[in-house]
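# Here is my input; please provide its structure:
(chains A and B)
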Amino acid sequence: MKKTRVRFAPSPTGPLHIGGVRTALYNYLFAKKQGGDFILRIEDTDSQRFVPGAEEYIIEAFSWLGLSFDEGPHVGGNYGPYRQSERKAIYKQYVDQLLKAGKAYIAFDTPAQLEAKRTEVANFQYDASTRDAMTNSLTLSETEVQQRIANGEQYVVRIKIEPNQTIVVNDLIRGEVKVNSSVLDDKVLYKSADELPTYHLANIVDDHLMEITHVIRGEEWLPSAPLHVTLYDYLGWTDTMPQFAHLPLLLKPEGNGKLSKRDGDRLGFPVFPLQWTDPQTGELSSGYREKGYLPEAVVNFLSLLGWNPGNDREIFSMPELIAAFNLERVSKSGAKFDYKKGEWFNHQYIQQKSNEELAELFLPTLKQHVGATLAVALSGDRSVFGDHDCFVFGDHDCSILGDHEEGQPRGLPLREIVALVKERVTYVKDLWEQTAFFFIAPTEYDEKTVQKRWKPDSAEQLTELTGVLKEVDDFSAQNTETVVMQWITDKEYHLGNIMNAFRLALVGESKGPHLFDITEIIGKNETILRLERAIVKLK
RNA sequence: GGUCCAUUCGUCUAUCGGUUAGGACGCCAGGUUUUCAUCCUGGAAAGAGGGGUUCGACUCCCCUAUGGACUACCA
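Residues are numbered from 1 along each chain as shown, chains lettered A, B, ... in the order given. Okay, here's the model as predicted:
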């Protein structure tokens, strides 16, 4: 049994879009399931559309997602080079072979002439029925062909499709697909202008030479699969031809058409794994990574868009996906991109993270928001910064994760803060909005909440509460809660009124985790300061 | 226009001739809660249409409709 070898072969014409990521993922899962190789090949045969940075982007994206290539331009391998632009000489040899065997021919018709032909003749196709009326090596004498080439005239090499043959493509997902060769056209295989083959030829030659066993690609390639089968035949490689599997497409959520690069930001979600800035226009497209997605969530989400394990299970780690994956369970019809489900997956994966891991992931976002106060922190001051009274970190990283010296600027135990709110966030970034009040004390209060929660006697009651809290030595959540509850009971105050006003003072609005978990974390002094400020401001 | 592919709740899907057509997302309702969320429970929600085949079709076949892809010297 030959070793399974699959390739992902993007064209470096821009950022990789999410449909391409899924295709790569399925290739990867399939290869790893078989203990095979996963190869990256850069298909840069279109010199016109090359975009600088695209290849690096692709490699970085897969590195983030956790798909690693066994061979490729960045890691090497025994079947290189892995950029088609570096394989010119290889292709030329096979072009000559086809020409010599009469399986292909040289054509001089210019793009302009073809364009004219297409507007003049409806449904014009360069094929057996028309090639005799065109300017090519079939209609020109051998000497004239040589003459034109010697004169520097540009030409292309076209495959010579024999009409009226039945071509069978065996597809692992769709079964046998039969087409009559007469509907195929004499596709361009090679362009003299840049001495590069087109996709079709380069693809077949490389897959053969790289000993690819399975071609797993998007359904958009199905119509040209018969051409590819013919090419294997013409080159004499039929017996080692890879198996084909054409994947269903990822469709726009709104209904029509396949998901395209432009859809993402228009519909409010990323279509690229990583953020991308167009080098030409400077236009910025959002990415899953920057949006706050965990790569595991993206992988899991994508894996289930067009494939299912045959049971109700939905959460899979990468090793579990590899174990469960097979091509037989890939569906045949296109899948609309359900962005909401993606959010749900991310939520699930966030819950799986430990508090330490989440705190670590949150740190960059947190620093963005409170970064300016770090300098204040280092000066040993706990002081007013801008309009806000800011809580700051002792020394950035260690104190964030917990301990602090008495009398020093207090760092907040980020790990514990994260633990309190993690089940309510979808993105790592949401942690900021859920926890901002821990770091920045409220100085303004949400108007609606004030109207609803700040009662006529709130100021008086909270003043009294402040007095009670000042007497509390053990400020643990449990103890503080016991004391406060006892006080409320003794005074026969209305529990909700007290607690809601208390929360308003600490948080600034009506949200957040259990109140006494908040007081424990921000500590006695800060709790009292916030109460006093609210009493003054809301009186 | 031509060729090819597809068609189960709004969405992703299970079902491989006999099921009250299952699950998940989303949505709605209720519950938990000192707030907001989370969470829990429940609910509404599907076999495109028409012919066959069969004792019996979501499932097999045909037609129609609809959707999609392709139709470049792009991949």
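# Would you mind confirming that A:Ile18 makes contact with A:Val271?
Yes. Between A:Ile18 and A:Val271 there is a contact under Cβ atoms under 8 Å: 5.1 Å. All C-beta atoms are positioned from the backbone trio N, CA, C, and that covers glycine.
# Now do the shared contacts for the two.
Shared contacts of A:Ile18 and A:Val271 (Cβ atoms under 8 Å, 6 or more residues apart in numbering): A:Leu259.
# In contact with the residue nearest to A:Ile90 when sequence neighbours are not counted, which residues?
Closest residue to A:Ile90 apart from its sequence neighbours, by Cβ to Cβ, 6 or more residues apart in numbering: A:Val205 at 6.5 Å. A:Val205 sits next to A:Arg87, A:Ile90, A:Tyr91, A:Tyr94, A:Pro197, A:Leu235 when contact means Cβ under 8 Å, 6+ apart.
# For the last one, give me its contacts.
So that's A:Leu235. A:Leu235 sits next to A:Tyr94, A:Gln97, A:Leu98, A:Ile204, A:Val205, A:His208 when contact means Cβ under 8 Å, 6+ apart.
# got a pLDDT number for the fifth one?
Translated: A:Val205. Looking at A:Val205, its pLDDT is 97.
# How about the strand or helix carrying it and RNA strand B, touching?
Using DSSP states H and E, A:Val205 sits in helix A:199-209. Yes. Counting by Cβ under 7 Å from any atom of the strand, contacts between helix A:199-209 and RNA strand B involve A:Tyr199, A:His200.
# Look at the residue nearest to A:Leu358 when sequence neighbours are not counted and say how many residues are nearby.
Take A:Leu358 and drop its neighbours on the chain: the residue closest to it by Cβ to Cβ, 6+ apart is A:Val418, 4.8 Å away. For A:Val418, the count of nearby residues is 26 (other Cβ atoms under 10 Å).
# check contacts around A:Val418.
A:Asn355, A:Leu358, A:Ala359, A:Phe362, A:Leu431, A:Thr435.
# just A:Leu201 next, same as before
Neighbour list for A:Leu201: A:Tyr91, A:Tyr94, A:Val95, A:Leu189, A:Tyr190, A:Leu231 [criterion: Cβ under 8 Å, 6+ apart].
# try 7 Å this time
Contacts for A:Leu201 (Cβ atoms under 7 Å, 6 or more residues apart in numbering) come out as A:Tyr91, A:Tyr94, A:Leu189, A:Tyr190, A:Leu231.
# now, which of those lie within strands?
A:Leu189, A:Tyr190 (DSSP state E).
# Now tabulate the contacts of A:Leu201 in TSV and tack on neighbour count, distance to RNA strand B and pLDDT.
TSV is the format used below for the contacts of A:Leu201 (neighbours: other Cβ atoms under 10 Å; distance: Cβ to the nearest atom of the strand, whole Å; pLDDT from 0 to 100):
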residue	neighbour count	distance to RNA strand B	pLDDT
A:Tyr91	22	11	96
A:Tyr94	22	15	97
A:Leu189	27	9	97
A:Tyr190	28	9	96
A:Leu231	25	13	97
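# A:Ala128 reaches A:Pro163, doesn't it?
Yes. The pair formed by A:Ala128 and A:Pro163 meets the contact definition of Cβ atoms under 7 Å, at 4.2 Å.
# what does the stretch 301-450 of chain A put close to RNA strand B?
So far as Cβ under 7 Å from any atom of the strand goes, the stretch 301-450 of chain A lies against RNA strand B at A:304-306, A:308, A:310-312, A:314, A:329, A:331-336, A:338, A:340-341, A:343-344, A:347, A:423-424.
# Which strand or helix spans the residue in the stretch 301-450 of chain A that RNA strand B sits nearest to?
Using Cβ to the nearest atom of the strand, A:Ser333 is the residue of the stretch 301-450 of chain A that sits closest to RNA strand B, at 2.7 Å. Here A:Ser333, judged by DSSP H and E, is contained in no helix and no strand.
# Report the separation between it and A:Asp171.
Applying Cβ to Cβ, to the nearest Å, the value for A:Ser333 to A:Asp171 is 14 Å.
# So which of those two has more stuff around it?
Between A:Ser333 and A:Asp171, counting by other Cβ under 10 Å, A:Asp171 is the more crowded of the two (19 against 9).
# quick one, phi psi at the more buried one?
Main-chain torsions, A:Asp171, degrees, to the nearest 10: phi -110, psi 130.
# Only the C-alpha atoms, please, for whichever helix in chain A runs longest, written as PDB.
Counting residues, the longest helix found in chain A (DSSP state H) is helix A:515-538. These are the backbone C-alpha positions of helix A:515-538, laid out as PDB (Å, rounded to 0.1, in the frame of the first residue of the first chain):
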ATOM      1  CA  LEU A 515     -21.400  40.900  44.700                       C
ATOM      2  CA  PHE A 516     -19.300  39.600  47.500                       C
ATOM      3  CA  ASP A 517     -16.900  38.000  45.100                       C
ATOM      4  CA  ILE A 518     -16.400  41.500  43.700                       C
ATOM      5  CA  THR A 519     -15.800  43.000  47.200                       C
ATOM      6  CA  GLU A 520     -13.300  40.300  48.100                       C
ATOM      7  CA  ILE A 521     -11.300  41.000  44.900                       C
ATOM      8  CA  ILE A 522     -11.300  44.700  45.000                       C
ATOM      9  CA  GLY A 523     -10.700  44.700  48.700                       C
ATOM     10  CA  LYS A 524     -12.000  46.600  51.700                       C
ATOM     11  CA  ASN A 525     -10.500  50.000  51.000                       C
ATOM     12  CA  GLU A 526     -11.700  50.100  47.400                       C
ATOM     13  CA  THR A 527     -15.200  48.900  48.300                       C
ATOM     14  CA  ILE A 528     -15.600  51.600  50.800                       C
ATOM     15  CA  LEU A 529     -14.200  54.200  48.500                       C
ATOM     16  CA  ARG A 530     -16.600  53.200  45.800                       C
ATOM     17  CA  LEU A 531     -19.500  53.300  48.200                       C
ATOM     18  CA  GLU A 532     -18.600  56.800  49.500                       C
ATOM     19  CA  ARG A 533     -18.200  58.100  46.000                       C
ATOM     20  CA  ALA A 534     -21.600  56.800  44.900                       C
ATOM     21  CA  ILE A 535     -23.200  58.300  47.900                       C
ATOM     22  CA  VAL A 536     -21.800  61.700  47.100                       C
ATOM     23  CA  LYS A 537     -22.500  61.500  43.500                       C
ATOM     24  CA  LEU A 538     -26.000  60.100  43.600                       C
END
